[in-house]
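Peer 1: Predicted model follows, preceded by the sequence.
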Amino acid sequence: MYYKLSGFTQRLTGCSPATAYNPQGMKQGLPAESPTMVLSEARAPADHMEGNRVPDLQRIFQKPDGRPVHLKRGYPDRLLYRTTMALTVGGVAYCLVALYIQSQPKRQ
Amino acid sequence: MAHQAHAYHMVDPSPWPLTGAIAALLLTSGLAIWMHTHSAILLTLGLILLLLTMYQWWRDIIRESTFLGHHTPPVQKGLRYGMILFITSEVFFFLGFFWAFYHSSLAPTPELGGCWPPTGITTLDPFEVPLLNTAVLLASGVTVTWAHHSIMEGHRKQAIQSLVLTILLGFYFTALQAMEYYEAPFTIADGVYGSTFFVATGFHGLHVIIGSTFLAVCLLRQINFHFTSNHHFGFEAAAWYWHFVDVVWLFLYISIYWWGS
């Protein structure tokens, strides 16, 4: 049995497998129920899905490592985050000093 | 991790609202200090911080939606309402400029010569470049719809081609407007005609640039397989925004370029 959220009643209703809600791009790799195998139709992944890194990235990001989403990819994320935070703290300090200087009238 | 028994997205604690707020502080203070002392250090700092915040915040939203699957149907519904409210607020932003324009042009003061366009102002011919601009934006509205249908029907190549075409048309519009500004026989300092003209069309041009950037991000995401045939709200939001920019241009063209000349 498959379910979807009905936009009309805002409740879960039964539906066909094709219209059931599936998180992004998870249809290829992880079928909820394995379909009946028909050997004559078995084929390699379609050409147009070649180079699709979304399933790999989903695996990386869904690893339960307790990290928040903005640091999930490790070093490059940390570097960017720290640069941004340094600019934030430094910027506030510089801004307060600059505004203080601007508030002092020039003596003739 | 505790089991979640509902479909809503509980966001992780995020530093970006803080860094964004500080970027706004640096930008406003930096702008004032730049105007007073010609020192652009604080302004540049604010711009860099703003760009860093925008990049990382939207990068995280892509992570949460495409890679973590947090954008369930009820969450998408909230995003839809958010985008609708945002575009509504933009409508009122432009309404203010149209109000200023009609206030000044419907009852021109004696200082303007009691007429519109004011005495001494040579206006742009609405049937030259502005008409071409109208055609370009209308055509881009067609190509963005073509892109939407291609995504919905899973035609990956066509979606990429039509998105590229839409972005190119956006750049063409921006280039034509830049040329028109360069050649204009009046400036923003030429009374109320110049100020209403350049503020209204200038903010519209800024919105075209933002819309082109939004569509360019969608193109990158389409190339990287982020959009599926039934889940591509990021693209839909960009398309809504693009149509909004298109409609604002039609009002600008009819009011300022055609009726106002």
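Peer 2: Ah, there it is. Numbers count the residues shown, from 1 in each chain, chains lettered A, B, ... in the order given.
Peer 1: mind listing the helices for the stretch 51-200 of chain B?
Peer 2: B:73-106, B:129-152, B:156-183, B:191-223 (DSSP state H, counting those that start in this stretch).
Peer 1: could those be laid out in CSV, adding mean neighbour count and mean pLDDT?
Peer 2: (C-beta placed from N, C-alpha, C; glycine too.) As requested, these are exported to CSV (neighbours: other Cβ atoms under 10 Å in any protein chain shown; pLDDT from 0 to 100):
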stretch, mean neighbour count, mean pLDDT
helix B:73-106, 14, 97
helix B:129-152, 19, 97
helix B:156-183, 17, 97
helix B:191-223, 19, 97
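Peer 1: And the residue nearest to B:Cys115 when sequence neighbours are not counted, how close does it get to chain A?
Peer 2: Closest residue to B:Cys115 apart from its sequence neighbours, by Cβ to Cβ, 6 or more residues apart in numbering or on different chains: B:Pro108 at 5.7 Å. Noted for B:Pro108: a distance of 40 Å to chain A, by Cβ to the nearest Cβ, to the nearest Å.
Peer 1: And the residue of the stretch 1-150 of chain B that's closest to chain A?
Peer 2: B:Gly69 (3.1 Å; Cβ to the nearest Cβ).
Peer 1: give me phi/psi at that residue?
Peer 2: As for B:Gly69, its main-chain torsions (degrees, to the nearest 10) stand at phi 70, psi 30.
Peer 1: all helices for chain A, in order.
Peer 2: A:54-61, A:75-103 (DSSP state H).
Peer 1: Tally up the residues packed near the residue nearest to B:Cys115, please.
Peer 2: 17 (other Cβ atoms under 10 Å in any protein chain shown).
Peer 1: That one contacts B:Trp116, correct?
Peer 2: Yes: using Cβ atoms under 8 Å, B:Pro108 is in contact with B:Trp116, at 4.8 Å.
Peer 1: Alpha carbons only: can I get stretch B:111-124 in CSV?
Peer 2: Presented in CSV, the C-alpha positions along stretch B:111-124 are these (Å, rounded to 0.1, in the frame of the first residue of the first chain):
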residue,chain,number,x,y,z
GLU,B,111,7.8,74.3,-11.9
LEU,B,112,7.7,71.5,-14.5
GLY,B,113,6.0,73.8,-17.0
GLY,B,114,2.6,72.3,-16.2
CYS,B,115,3.1,69.5,-18.6
TRP,B,116,4.4,65.9,-18.8
PRO,B,117,7.1,65.1,-19.9
PRO,B,118,8.4,68.2,-18.1
THR,B,119,9.7,71.1,-20.2
GLY,B,120,13.2,70.6,-21.4
ILE,B,121,13.1,66.7,-21.1
THR,B,122,13.7,64.7,-24.3
THR,B,123,12.2,61.3,-23.6
LEU,B,124,13.3,57.9,-25.1
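Peer 1: Which residues belonging to that stretch are considered buried?
Peer 2: Within stretch B:111-124, the residues that qualify as buried are B:Leu112, B:Trp116, B:Pro117, B:Pro118, B:Ile121, B:Thr123, B:Leu124, counting by 16 or more other Cβ atoms under 10 Å in any protein chain shown.
Peer 1: can you narrow those to ones near chain A?
Peer 2: Residues of the buried residues of stretch B:111-124 in contact with chain A (Cβ under 8 Å from any Cβ of the partner chain): none.
Peer 1: so what's the residue of the stretch 1-150 of chain B closest to chain A scoring on pLDDT?
Peer 2: Note for B:Gly69: predicted pLDDT of 93.
Peer 1: With A:Met37 instead?
Peer 2: 53.
Peer 1: contacts for stretch B:130-150?
Peer 2: Stretch B:130-150 has contacts (Cβ atoms under 8 Å, 6 or more residues apart in numbering or on different chains) with B:124, B:156, B:158-159, B:162-163, B:165-166, B:169-170, B:172-173, B:176-177, B:180, B:215, B:235-236, B:239, B:242-243, B:245-246, B:249-250, B:253, B:257-258.
Peer 1: Repeat the analysis, applying 7 Å as the threshold.
Peer 2: Stretch B:130-150 is contacted by residues B:124, B:158-159, B:162-163, B:165-166, B:169-170, B:172-173, B:176-177, B:235, B:239, B:242-243, B:246, B:249, B:253, B:257 when judged by Cβ atoms under 7 Å, 6 or more residues apart in numbering or on different chains.
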